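Visitor: Prediction below, plus the sequence it came from.
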Amino acid sequence: MNHINYDVAFAPINGRLIKLSEQLGSILEKEGITSCILKTSIAGSELYGWNEQRTNINLPIVPIHPLYYESPSNFIKDTIRTIKSTNSLKSNFKLPFKLLIVFMDRYADGGILTSVAKANGIPTILFQEGFHARKNPYQISLYGLACWLRSKILSPWFGGREGYRATYAVVWSERGLKEDMLKLGRKHESVFVVGCPIPSVEIPKSLPPLNEPPVVMFSHQPFNPYFGTRSWNDLFYKEAIKSCFSNGYKVLFKPHPRFSSDKRYKNLKRKIEKIVVDNNGILDWANSKVASEEFLINCDALVTGNSVTAYTALRMGIPTFFIRTQYNRHPLLEELGAEEKIIYLYDWKELGSILNKILMNEKNREFWFKNGLSVANILSGDDKFFKDNWLRTIKMILEKN
């Protein structure tokens, strides 16, 4: 193990977050704040992106061997690995950093490292990775029940609420996640707003021409069981895609990287392929390992639940359709939808006709093209001052501790 002390260590849990960690760390390095990326994969290396080509990362990579597993995990393995790894790290492991930055502070690698850092008096930051905090920490399913029971029986390793174990939280904007955290009990002085960390995209100066046929991208997310039942999840994708085909649109389906090998996804894919055949539709399957943002340049509209891909699409002026899910709906999306500041899809079967009203009308396309940036700033914060805010926040926390 490398015992060099770094000022800051990042604990990414997928390929996208490895890239983001490098971006965040590089900003700090230029100001003399040393940074490293921790190499972990408690759920298996395939999910974490370390099997991909990672030879050009500019930050030091520090393996945390007690947290690195090649083989995939499941509920029982996850339980055993978490207890074993936590105990091993707490007993005889010297942490080589002064400040830990995680993207999850209760589950998986981030939760373990947060616990170990706390035991060693090292402050931790939960950096916003997703759209919002879960009000209900457990899924409505047998798996959710098992997780709840585990948290009660094995509370030293699995207790607590996601978003509240880390010393501090760094969020993108005043809306959304910050509001959720404050309502659920995090203290105001422990939350810092820094703006949007997503790299700036090249915003077209004028409304670009439509593809022929127009392309609608689906940024896949498994809505079940937290946002809806499995049948609701599958029915949504089937009906929405069918509606696109019936109105002459091509579909680009981008699988969620963590679920591209899941049985639920494979079953959904078979159902979608039947829809394609039955409706003479045109559908391309995007590479799940490639970031969704890289496909947006060739798309005319985006359909998503609450993927961060929406933030980039909005900034590019691409009409973005948010899905009103079966349950656990987010108040901010509900509010913006009611104010018609976002396209909030209630009836999936109407997707094609609503697309027609927007994409086939230059005035409507121009409106959403110009509206996107202001909405993106509400949802994900302004990216103009991110570097300054990020540096100031990290310097302050390091000096304080």
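Guide: Structure's in. What do you need? This one's a predicted model, so the numbers in the text were calculated from it and none came from an experiment.

Visitor: Show me the shaky parts of the stretch 251-400 of the chain.
Guide: 260-261 (pLDDT under 70).

Visitor: just so I have it, where are all the helices in it?
Guide: 263-278, 309-315, 331-338, 351-359, 362-380, 386-400 (DSSP state H, counting those that start in this stretch).

Visitor: Compare those helices and give me the one nearest Ser115.
Guide: helix 386-400 (19.0 Å; C-beta to C-beta). Every C-beta, even on glycine, is put in place using the N, C-alpha and C of the backbone.

Visitor: which helices and strands does the closest one pack with?
Guide: Helix 386-400 is packed against strand 6-11, helix 15-29, strand 97-102, strand 168-171, strand 191-193, with contacts defined by 3 or more C-beta pairs under 8 Å, 6 or more residues apart in numbering; DSSP states H and E.

Visitor: Can you give me the neighbour number for the nearest residue to Ile83 once chain neighbours are set aside?
Guide: Using C-beta to C-beta, 6 or more residues apart in numbering and skipping the chain neighbours, the partner closest in space to Ile83 is Trp157 (5.2 Å). Using other C-beta atoms under 10 Å, Trp157 is surrounded by 18 other residues.

Visitor: where does Trp157 fall, helix, sheet strand or coil?
Guide: The three-state label given to Trp157 by DSSP: H, G, I helix; E, B strand; the rest coil is helix.

Visitor: residue contacts, it?
Guide: Neighbouring residues of Trp157 by C-beta atoms under 8 Å, 6 or more residues apart in numbering: Thr82, Ile83, Thr86, Ser115.

Visitor: I'd like to know which of the residues you listed are buried.
Guide: Burial by neighbour count, judged by 16 or more other C-beta atoms under 10 Å, picks out Thr82, Thr86, Ser115 from the contacts of Trp157.

Visitor: Just the element for Ser85, please.
Guide: Using DSSP states H and E, Ser85 sits in helix 75-92.

Visitor: average pLDDT across that helix?
Guide: Helix 75-92 comes out with an average pLDDT of 90.

Visitor: before we move on, back to that, between the buried ones among the contacts of Trp157, which sits nearest Gln221?
Guide: Among these, and counting by C-beta to C-beta, the member closest to Gln221 is Thr82, at 25.0 Å.

Visitor: now the closest one, nearest residue through space, not along the chain?
Guide: When the adjacent residues along the chain are set aside, Thr82 lies closest to Trp157, with 5.4 Å between them (C-beta to C-beta, 6+ apart).

Visitor: Please tell me how far that neighbour sits from Tyr107.
Guide: The gap separating Trp157 from Tyr107 is 11 Å, by C-beta to C-beta, to the nearest Å.

Visitor: on that earlier part again, elements contacting the helix holding Ser85?
Guide: strand 61-68, helix 108-119, helix 142-153, helix 155-158.

Visitor: Where among these is average confidence lowest?
Guide: Averaging pLDDT over each of the helices and strands packed on helix 75-92 puts helix 142-153 lowest, since it has a mean of 82.

Visitor: now the angle between helix 75-92 and that one, please.
Guide: Inter-element angle recorded for helix 142-153 and helix 75-92: 30 degrees (by axes from the mean of the first three to the mean of the last three C-alpha atoms, to 10 degrees).

Visitor: Counting by contacts, list what helix 142-153 packs against.
Guide: By 3+ C-beta pairs under 8 Å, 6+ apart, helix 142-153 packs against helix 75-92, helix 155-158.

Visitor: is it fair to say Phe218 lies in a strand?
Guide: Yes. Per three-state DSSP, Phe218 lies within a strand segment.

Visitor: Just give the nearest non-adjacent residue to the most centrally placed residue in the chain, would you?
Guide: Among the residues of the chain, the one closest to the centroid is Gly130, at 3.9 Å (C-alpha atoms, centre = their mean). Of all residues not flanking Gly130 in the chain, Val308 sits nearest, at 7.2 Å (C-beta to C-beta, 6+ apart).

Visitor: bridging residues for the nearest residue to Thr393 once chain neighbours are set aside?
Guide: Closest residue to Thr393 apart from its sequence neighbours, by C-beta to C-beta, 6+ apart: Phe192 at 4.7 Å. Beta bridges link Phe192 to Val170, judged by DSSP bridges.

Visitor: Check Phe192 and give its pLDDT.
Guide: In this model, Phe192 is scored at 96, pLDDT.

Visitor: Just name the most buried of the helices of the stretch 251-400 of the chain.
Guide: Most buried of the helices of the stretch 251-400 of the chain by mean neighbour count (mean count of other C-beta atoms under 10 Å) is helix 309-315; its value is a mean of 25.

Visitor: Show me what it is packed up against.
Guide: Helix 309-315 packs on strand 301-304, strand 320-323, helix 362-380, going by 3+ C-beta pairs under 8 Å, 6+ apart.

Visitor: Next, work out how far apart the closest residue to Tyr346 other than its chain neighbours and Ile358 are.
Guide: Once flanking residues are discounted, Tyr346 sits nearest to Arg324: 5.3 Å by C-beta to C-beta, 6+ apart. Relative to Ile358, Arg324 is positioned 17 Å away (C-beta to C-beta).

Visitor: again with Ala376
Guide: Here the criterion is C-beta to C-beta. By it, Ala376 lies 17 Å from Ile358.

Visitor: Asp388 too?
Guide: 36 Å.

Visitor: Appreciated, that's everything.
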